[in-house]
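In: Show me how the following folds:
(one chain, ligands or ions: 2)
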Amino acid sequence: MLSGSINYKVPYAEPTIRSMRLVGLTGGIASGKSTVSTLFKSHGIPVVDADLVARNVVKKGTGGWKKVVATFGEEILQPDGEVDRPRLGQIVFSDPGRRQLLNKILAPHISSGIFWQIFKLWIKGFKVIVLDIPLLFEAKMDKFTKPIIVVWVDPETQLQRLMARDRTSEEDARSRINAQMSLDLKRSKADTVIENTGSLDDLEENFRKVLFEVTRPLTWTEFGLSRQGALLALVSVILEIFV
Ligand SMILES: CC(C)(COP(=O)(O)OP(=O)(O)OC[C@H]1O[C@@H](n2cnc3c(N)ncnc32)[C@H](O)[C@@H]1O)[C@@H](O)C(=O)NCCC(=O)NCCS
Ligand SMILES: Nc1ncnc2c1ncn2[C@@H]1O[C@H](COP(=O)(O)OP(=O)(O)OP(=O)(O)O)[C@@H](O)[C@H]1O
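Out: Ligands and ions are numbered 1, 2, ... in the order given. Down below sits the predicted model:
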């Protein structure tokens, strides 16, 4: 599910004032990543939404759009020329080969889109950035993020929430779920798991502990990656040259 525009209500401050941390947020389809993203945003922590990036890179006329049309044909376009997402979804979620093809042609566009979003937030001075990436492990982007948070939900609840949210049949919902790495395997690769089988109140309670972990004081490596860290390194080099 796509989350709305980023809303930085509360400027993020101590205790990570001189640091840069890229937090990986992932899980299964409809496990609750966007819901958790909203909680992060309400605490002033920016979230880069990979689904939103993926949507932007196939806008009419872009490089991603041209590749998608060249690969899947004009029959996946709406009358206005934009990609017919439900149509393309039907094709790729019922055919692993075509899904891999779509992933392959869009991967460079999505990763550079994510990079630019991170860069813009870094320039603005944000110290902690959450990357909401459904395919974090599948796309091997987990190596760039620490900690990695997996939002977990039990399979039956996941299926019910997906069908209710997207108003899809059980068959369609299952094919989307099966297009991803199993949620249990993702869970085993996580640094932290947010359990989301219960109510939204339970989720908020579970989120609070994770927020504490994400905002703990940062390591020197994380500091070195921050804008302040980069500036400090530059000033040190200049001073060393002149002094
Ligand atoms: C196939 C498309 C057109 C369907 O669009 P639709 O609007 O119906 O779904 P949406 O983009 O909102 O995605 C909903 C969820 O489906 C899952 N999903 C999306 N793409 C994939 C994929 N290639 N493989 C497995 N799961 C996927 C994610 O959990 C996502 O959160 C679209 O998902 C797409 O372009 N996918 C390829 C780009 C991609 O890999 N996106 C994920 C970003 S990491
Ligand atoms: N604890 C909860 N209780 C009830 N409903 C929930 C809970 N958490 C999430 N939901 C609902 O479940 C659906 C899926 O949640 P959400 O959209 O956050 O999942 P997602 O992981 O971002 O999905 P996607 O992979 O498609 O982007 C939404 O309709 C959301 O409102």
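In: only C-alpha atoms for contact and neighbour calcs from this point on.
Out: Fine.
In: After the longest helix along the chain, which helix or strand is next? Please name it.
Out: When the chain is parsed with DSSP state H, its longest helix is helix 96-123. Using DSSP states H and E, the next helix or strand after helix 96-123 towards the C-terminus is strand 128-132.
In: and the helix or strand just after that following strand, how far out from the chain's middle?
Out: Per DSSP H and E, strand 128-132 leads on to strand 148-152 as the next helix or strand towards the C-terminus. Offset of strand 148-152 from its chain centre (Cα atoms, centre = their mean, to the nearest Å): 11 Å.
In: okay, and for the chain, where does confidence drop off?
Out: Applying pLDDT under 70 to the chain flags the ranges 1-19, 218, 223-229, 232-233, 236-237, 239-243.
In: what's the longest strand seen in it packed up against?
Out: With secondary structure taken from DSSP state E, the chain has its longest strand at strand 21-27. When contacts are defined as 3 or more Cα pairs under 8 Å, 6 or more residues apart in numbering; DSSP states H and E, strand 21-27 packs onto helix 33-42, strand 128-132, strand 148-152, helix 183-188.
In: nearest to ligand 2, of those?
Out: Proximity to ligand 2 (Cα to the nearest ligand atom) singles out helix 33-42 among the helices and strands packed on strand 21-27, at 3.6 Å.
In: on that earlier part again, could you dump the helices and strands packed on strand 21-27 into CSV with mean neighbour count and distance to Gln160 added?
Out: Below are the helices and strands packed on strand 21-27 laid out as CSV (neighbours: other Cα atoms under 10 Å; distance: least, Cα to Cα, whole Å):
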stretch, mean neighbour count, distance to Gln160
helix 33-42, 20, 16
strand 128-132, 25, 22
strand 148-152, 26, 14
helix 183-188, 17, 15
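In: Ends of stretch 132-140, what's the gap?
Out: With Cα to Cα, to the nearest Å as the measure, stretch 132-140 spans 14 Å from end to end.
In: who touches the residue nearest to the spatial centre of the chain in this structure?
Out: Residue closest to the average C-alpha location in the chain (Cα atoms, centre = their mean): Asp132, at 1.9 Å. If you count contacts by Cα atoms under 8 Å, 6 or more residues apart in numbering, Asp132 has them with Gly24, Leu25, Thr26, Lys33, Ser34, Ser37, Val47, Val48, Asp49, Ala50.
In: got a winner among those for most neighbours?
Out: Each of the contacts of Asp132 was scored by neighbours using other Cα atoms under 10 Å; the highest score is Leu25's, at 31 neighbours.
In: near ligand 1, which residues of this protein?
Out: 1-2, 28-29, 50-51, 54, 85-86, 88-89, 99, 103, 133-135, 179-180 (Cα under 6 Å from any ligand atom).
In: Rebuild the contacts of Asp132 as CSV, extending it with distance to Asp202.
Out: Formatted as CSV, these follow (distance: Cα to Cα, whole Å):
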residue, distance to Asp202
Gly24, 21
Leu25, 18
Thr26, 19
Lys33, 15
Ser34, 16
Ser37, 16
Val47, 22
Val48, 24
Asp49, 23
Ala50, 26
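In: Tell me how far Lys143 lies from ligand 1.
Out: To ligand 1, Lys143 is 15 Å away according to Cα to the nearest ligand atom, to the nearest Å.
In: do stretch 206-217 and ligand 2 meet?
Out: No - counting by Cα under 6 Å from any ligand atom, ligand 2 is not contacted by stretch 206-217; separation bottoms out at 10.4 Å.
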